[in-house]
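*Asks:* give me a model of this one.
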Amino acid sequence: MIAIAAVSVVLRSYKITGPIGDWHSFRQADTAAVARNFLKFGFDPLRPRSDDLSNIQSGFDNPNGWRMVEFPLYQITAAGLARIVGILPIEIWLRLVSIAVSAATGVIIGFLVWETVGLPAGGLAGITAAIMYAILPYSMYYGRTILPEPFMVFLSVTSLWLLVRALGGRKQTGLLLVSAVIAAAALLVKPTAAFLLLPIPYLLWRRFGFSRRFIISGAVFGFISLVPLLMWRDWIRQFPEGIPVYTWLFNEGNIRLKGAWFWWLFAKRIGELILGFWGLIPFGLGLLVKTDDRGESGFFRWWLLGGLLYLIIIAAGNVRHDYYQILLLPVVSVYTAKGLAFLVTNRTFSRGVSLLLATVSFVFMLAFSWYTIRTYYWINRPEIVEAGQTADRLLPPDAKVIAPYNGDTSFLYQTNRQGWPLGFDIEKKIAMGATHYVTVSPTDNDGETYDLVRRFTVLVRNERFAIIDLTEPKE
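*Replies:* Just a heads-up that it's a prediction; the model follows:
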């Protein structure tokens with residue numbers, strides 16, 4: 001397991017120093033901005049700030065840049081390390097935290113499978129599950145991104161593992177309480193952790209039955225894990241301008257259970273992106289493998305049910321963004337590992353053919369998944385990085401920047417300033433404090449750039465970008 005964790009860390013360190021301009025950089029920029037602004041404006045976990053001052057996400061102008069979504073435990077951890085240790089930029093600290101928790105998640109999943117799977121090769125299944133989580137290309141990429149999801153998955157899996165150990169030993173109370181506290185943290189980081197934590201009632205029922213102890217344990221666990229989330233949700237209602245519109249996540253376009261829903265989630269995401277087509281073979285076998293009655297069948301079936309409910313309930317969000325499927329990685333890793341372990345150890349079918357099928361499925365799964373995932377590391381618009389770094393070097397620290405990029409905040413993030421990721425209504429933005437305009441559409445063919453160049457002082461203008469001082473009108 002130590003070796004697997006080391007491999008996991010090495011694989012996720014690929015391009016760790018790269019700028020936030022890769023796949024889903026808009027969401028990574030919003031997350032990173034909260035951590036960076038803790039360092040700029042001071043640690044205030046109850047009032048996290050992003051760089052976006054616009055009304056794009058919530059429908060309300062957001063002059064303070066409030067970012068009232070998940071509780072920023074992930075960003076607090078990285079910013080705290082940056083403040084205490086220093087040396088590295090905040091972006092690398094954020095990635096290091098994601099890498100560390102992803103490596104730990106794989107190991108914990110391995111031990112969880114090892115202790116619960118009733119296969120004759122339960123140990124092999126556990127090691128294979130840890131390997132799967134470590135080297136799946138989808139897991140590799142998202143296990144080093146600046147997103148709260150890897151942190152949430154780590155906390156959820158840790159909570160479940162501690163609960164399994166608590167219910168299997170004599171001294172249960174302490175571990176059970178720790179498990180509940182970690183579950184609370186997981187829900188604060190991302191409320192969708194509830195789908196990963198779905199086996200908790202089953203585990204308590206399996207240990208205590210429908211008894212008084214089951215009711216008390218469930219009530220205590222539920223109170224500890226849910227109350228902090230409810231308090232946070234109640235608190236952020238004071239900042240409506242910082243709460244992004246979220247109702248679309250559930251069923252925008254009435255897509256739930258339609259053909260497009262099945263195609264995008266089960267064919268493109270799970271089948272192609274995560275399992276590279278060929279991984280569906282061991283995954284399917286993992287679903288079919290019969291185990292003994294040590295609790296694995298119920299535990300992981302509930303985990304599987306949680307994943308399915310997640311896809312059904314958060315239908316539109318899962319279809320639109322492939323990073324939403326990070327939550328599915330533990331259960332996909334477990335069942336694929338069970339299938340591979342079955343192929344390696346089975347005595348029912350031809351051993352040679354089984355080993356060949358396991359090898360081919362494993363290699364092709366990684367190869368075909370990587371063929372797509374490798375493009376996620378690419379910086380397709382390097383000019384936003386160059387323009388942002390130039391603006392950061394030239395502009396005063398308190399500048400407010402308009403960095404139009406179709407509402408995508410990854411360009412704004414590069415300037416290291418708060419501001420607006422969309423143009424239009426320039427006069428209104430100037431009245432709200434905008435001081436500079438930075439664009440990667442610097443030619444006169446862009447009507448907005450042409451108008452501003454004609455009216456204001458140009459600090460930099462070349463074929464890649466332009467920086468215009470909105471506080472210095474021309475005579």
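*Asks:* CA only for contacts and neighbour counts going forward, please
*Replies:* Will do.
*Asks:* now the host helix or strand of residue 393 - C-alpha only, PDB.
*Replies:* Here residue 393, judged by DSSP states H and E, is contained in helix 382-394. Provided in PDB are the C-alpha atoms of helix 382-394 (Å, rounded to 0.1, in the frame of the first residue of the first chain):
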ATOM      1  CA  PRO A 382      -1.600  30.300 -23.400                       C
ATOM      2  CA  GLU A 383      -2.200  34.000 -24.200                       C
ATOM      3  CA  ILE A 384      -4.500  34.400 -21.200                       C
ATOM      4  CA  VAL A 385      -1.600  33.300 -19.000                       C
ATOM      5  CA  GLU A 386       0.800  35.700 -20.700                       C
ATOM      6  CA  ALA A 387      -1.600  38.600 -20.600                       C
ATOM      7  CA  GLY A 388      -2.500  37.900 -17.000                       C
ATOM      8  CA  GLN A 389       1.100  37.800 -15.800                       C
ATOM      9  CA  THR A 390       1.900  41.000 -17.600                       C
ATOM     10  CA  ALA A 391      -1.200  42.700 -16.000                       C
ATOM     11  CA  ASP A 392      -0.100  41.400 -12.600                       C
ATOM     12  CA  ARG A 393       3.300  42.900 -13.100                       C
ATOM     13  CA  LEU A 394       2.100  46.300 -14.300                       C
END
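*Asks:* contacting residues around it?
*Replies:* Under the contact criterion C-alpha atoms under 8 Å, 6 or more residues apart in numbering, helix 382-394 has outside partners 19, 21, 411-417, 438-440, 464-467.
*Asks:* of the residues you listed, which belong to helices?
*Replies:* Residues of those located in helices (DSSP state H): 411-414.
*Asks:* could you check how far the residue most central in space within the chain is from residue 391?
*Replies:* Residue closest to the mean C-alpha point of the chain, counted by C-alpha atoms, centre = their mean, is residue 149 at 3.0 Å. Applying C-alpha to C-alpha, to the nearest Å, the value for residue 149 to residue 391 is 31 Å.
*Asks:* could you list the low-confidence segments of the stretch 51-200 of the chain?
*Replies:* 117-122, 169-171 (pLDDT under 70).
*Asks:* and the helices in it?
*Replies:* Ranges of helices in the stretch 51-200 of the chain, per DSSP state H, counting those that start in this stretch, are 73-84, 90-116, 122-135, 137-142, 149-168, 173-189, 193-196, 199-208.
*Asks:* need the ones you listed in a markdown table (columns: distance to residue 366).
*Replies:* Supplementary listing: the helices of the stretch 51-200 of the chain in a markdown table, determined by distance: least, C-alpha to C-alpha, whole Å:
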| stretch | distance to residue 366 |
| --- | --- |
| helix 73-84 | 29 |
| helix 90-116 | 17 |
| helix 122-135 | 8 |
| helix 137-142 | 7 |
| helix 149-168 | 20 |
| helix 173-189 | 29 |
| helix 193-196 | 25 |
| helix 199-208 | 29 |
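*Asks:* for residue 265, find the nearest of the ones you listed.
*Replies:* With C-alpha to C-alpha as the criterion, residue 265 lies closest to helix 137-142 of those, at 14.2 Å.
*Asks:* what helices and strands are in contact with the closest one?
*Replies:* Counting contacts by 3 or more C-alpha pairs under 8 Å, 6 or more residues apart in numbering; DSSP states H and E, helix 137-142 is packed against helix 2-12, helix 351-373.
*Asks:* one more time with 10 Å, if that's ok
*Replies:* Judged by 3 or more C-alpha pairs under 10 Å, 6 or more residues apart in numbering; DSSP states H and E, the packing partners of helix 137-142 are helix 2-12, helix 90-116, helix 122-135, helix 149-168, helix 329-345, helix 351-373.
*Asks:* the closest residue to residue 434 other than its chain neighbours and residue 45, how far apart?
*Replies:* Distances taken as C-alpha to C-alpha, 6 or more residues apart in numbering place residue 400 nearest to residue 434, at 4.7 Å, with adjacent residues excluded. From residue 400 across to residue 45, the span is 23 Å (C-alpha to C-alpha).
*Asks:* between the two, who's got more neighbours?
*Replies:* In this view residue 400 and residue 45 are compared by other C-alpha atoms under 10 Å, and residue 400 has more residues nearby, 24 against 14.
*Asks:* hang on, isn't that one packed against residue 433?
*Replies:* Yes: Residue 400 is within contact range of residue 433, at 6.4 Å (criterion: C-alpha atoms under 10 Å).
*Asks:* leaving aside the residues adjacent along the chain, what's closest to residue 318?
*Replies:* Distances taken as C-alpha to C-alpha, 6+ apart place residue 324 nearest to residue 318, at 5.5 Å, with adjacent residues excluded.
*Asks:* contacting residues for the one you found?
*Replies:* If you count contacts by C-alpha atoms under 10 Å, 6 or more residues apart in numbering, residue 324 has them with 149, 192, 310-311, 314, 317-318.
*Asks:* which one (most neighbours) among those residues?
*Replies:* Comparing the contacts of residue 324 by number of neighbours (other C-alpha under 10 Å), residue 311 comes first, having 26 neighbours.
*Asks:* can you pull the contacts of it?
*Replies:* By C-alpha under 10 Å, 6+ apart, the contact set of residue 311 is 195, 250, 256-257, 261-262, 265-266, 305, 317-319, 324-325, 327-328.
*Asks:* relative to residue 373, how far out is it?
*Replies:* From residue 311 to residue 373 the distance is 21 Å (C-alpha to C-alpha).
*Asks:* same question for residue 126.
*Replies:* Separation of residue 126 from residue 373 (C-alpha to C-alpha) stands at 25 Å.
*Asks:* ok, residue 254 next?
*Replies:* Here the criterion is C-alpha to C-alpha. By it, residue 254 lies 29 Å from residue 373.
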